Structure formats: C-alpha cells, structure tokens
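1. My questions are about this predicted structure, shown below with the sequence.
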Amino acid sequence: MKKKIPYHLGIILDGNRRWAKEKNLPVFDGHKKGREVVKNIIKASKNKGIKILTLFVFSTENWKRPKKEINYLMYLIKSILDVKDLDKQGIKVVVIGQKQRLSKDLQKAIRRIEKITKNNKNMILNIALSYGGRAEIVEAIKNIIKKKISLEKINEDVISKNLWTADLDLIIRTGKEKRISNFLIWQAAYSEIFFFDKYWPDFTEKDLDTALYEYFLHHRRFGK
C-alpha cells in the first residue's frame, strides 16, 4: 500500500522557553536550539513529499513578550529566511501574518526571499509570523468587501480563497500543550492533530515520522 503523506502540514513550534528553563539555560538558548530544529524539519518535510509546510513561529499574542526577547526572535527568524539555502532546495517561501507590524528591515528581507523563490515547485514553506487565525479571517472578510462580492455569492469556497493559505491535513504541536492556539483555525476544520509531549528543541525527524505514520493509519471521513 502506498504511504499517504499529508499535502499540507502545519506545525505549532512550542516550548523553547520552557526547554531552556528546565535546563537552567537563558531563554535565548532555547530559541537558538529551536532554530536549528526548524531548519532540519524544513528539509525533512520537503524530502518526504509534503507540498505545503506552515510553521507557526510568532503569534499576534507574542508581541506581549519582553522587547529584548522579541528582537532576538526576529533576528533568528530572519536567519531562517536563508535565500540561498531555501532557493537551492526549490522551496517557495511565503510569509503569512500581519507583516506591517514587522520592522522595515525584516519586511524588506521577506519581500526579497518571496520574490526570488516565487517560482520554486518542490514545496511551499509558509512562515506564520505575527500571525493569528482570527486576524486572518478578519482580513479575508475585508478582502471580500473590497472586491464587492455580492452577498448571495459568499460561501465557504469564497472565504477559503481569500485566506492566506490552504486547508490543513495534519497539525503537529510540541510543548506539552493540547490546543491549537489560534493557528489556521479555518483551515484546521478537518485536520488530524498530533500533540507531542516534548518541547520543540527536542523534536526530531523521527518524531516527524511518528506523526506521519499516525496520519497514514487514520481514515479521514470528512463527516461521511
């Protein structure tokens, strides 16, 4: 039997700070280790045939964190957006979220990598940055109003087309929590969800394989 691979995988990267705290390390060390895991999982996902990978790296709620920590996180995120490496892998990069809240420098880096990688076909990498699922739905409604789509023509398909990305097949969450925390809440309507009882810095390709195997075993009925 051919192994069933999710077309769209979403990952909630959680637990960097708690990982560091439990090891009596600075918070920044947790984020730094988490960055290395991100790079490994991007490559592994592409090699396993996943077509869309969405990584929840910074939420709209994360702006409440200390400014020093936010600045360091933005530095790490910018380093993840390595144009040469991602372009070489044939990965198309798209940043979804409230990009207007980001620094001008980071916005410039985003525009550059999106332009350079726009025609790549191996995988779409969505970076959910300054992202919130409810905020995305609000923006979709605004777009529909701007397009002057008549009331009788508005349906689920129209709303989906005005969102930032496509429906999810599988969600993975690390961090020992069991919630989706405002992540792609429209797109997650029928997704499988796999919660890992470990922090993101400890997540490995073997863990990814475990989640993909669980997904393979499930029969998705979509209410039928």
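-> Ah, there it is.
2. contacts and neighbour counts: CA atoms only from here.
-> Fine.
3. Just give me how far the longest helix along the chain sits from the chain centre.
-> The single longest helix within the chain, with elements called by DSSP state H, is helix 27-47. Going by Cα atoms, centre = their mean, to the nearest Å, the spacing between the C-alpha centre of helix 27-47 and its chain's C-alpha centre is 12 Å.
4. centroid residue for the chain?
-> residue 55 (2.0 Å; Cα atoms, centre = their mean).
5. Is it bridged to anything, and to what?
-> For residue 55, the beta-bridge partners are residue 11, residue 127 (DSSP bridges).
6. Just the pLDDT for it.
-> Looking at residue 55, its pLDDT reads 98.
7. got the contact list for it?
-> 10, 11, 12, 13, 125, 126, 127, 128 (Cα atoms under 8 Å, 6 or more residues apart in numbering).
8. The same query, at a cut-off of 7 Å, please.
-> 10, 11, 12, 126, 127, 128 (Cα atoms under 7 Å, 6 or more residues apart in numbering).
9. ranges for the strands of this protein?
-> Along the chain, the segments classed as strands by DSSP state E run 8-12, 52-59, 91-96, 123-131, 170-173, 192-195.
10. Same list (those strands) but as TSV, adding distance to residue 69.
-> Below are the strands of the chain laid out as TSV (distance: least, Cα to Cα, whole Å):
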stretch	distance to residue 69
strand 8-12	19
strand 52-59	12
strand 91-96	21
strand 123-131	14
strand 170-173	22
strand 192-195	26
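11. Those: which one's closest to residue 162?
-> Closest to residue 162 of those is strand 91-96 (Cα to Cα; 12.5 Å).
12. surely residue 50 meets residue 10?
-> No - when contacts are counted by Cα atoms under 7 Å, residue 50 is not listed as touching residue 10 (10.5 Å).
13. if we can go back for a sec, residue 108 is nearest to which of the strands of the chain?
-> Residue 108 sits nearest to strand 91-96 of all these, at 11.9 Å, using Cα to Cα.
14. Counting by contacts, list what that closest one packs against.
-> helix 104-117, strand 123-131 (3 or more Cα pairs under 7 Å, 6 or more residues apart in numbering; DSSP states H and E).
15. hmm, try it at 10 Å
-> helix 27-47, strand 52-59, helix 83-88, helix 104-117, strand 123-131 (3 or more Cα pairs under 10 Å, 6 or more residues apart in numbering; DSSP states H and E).
16. what pairs with that strand, and is each one parallel or antiparallel?
-> strand 123-131 (parallel).
17. quick check, distance from the strand it pairs with to the centre of its chain.
-> 5 Å.
18. Can you list the buried residues in it?
-> Counting neighbours by 16 or more other Cα atoms under 10 Å, one finds that the buried residues in strand 123-131 are 123, 124, 125, 126, 127, 128, 129, 130, 131.
19. out of the helices and strands packed on strand 91-96, nearest to residue 173?
-> That would be, of the helices and strands packed on strand 91-96 and by Cα to Cα, strand 52-59, which comes in at 9.7 Å.
20. what is the orientation angle of that closest one with strand 123-131?
-> 20 degrees (axes from the mean of the first three to the mean of the last three Cα atoms, to 10 degrees).
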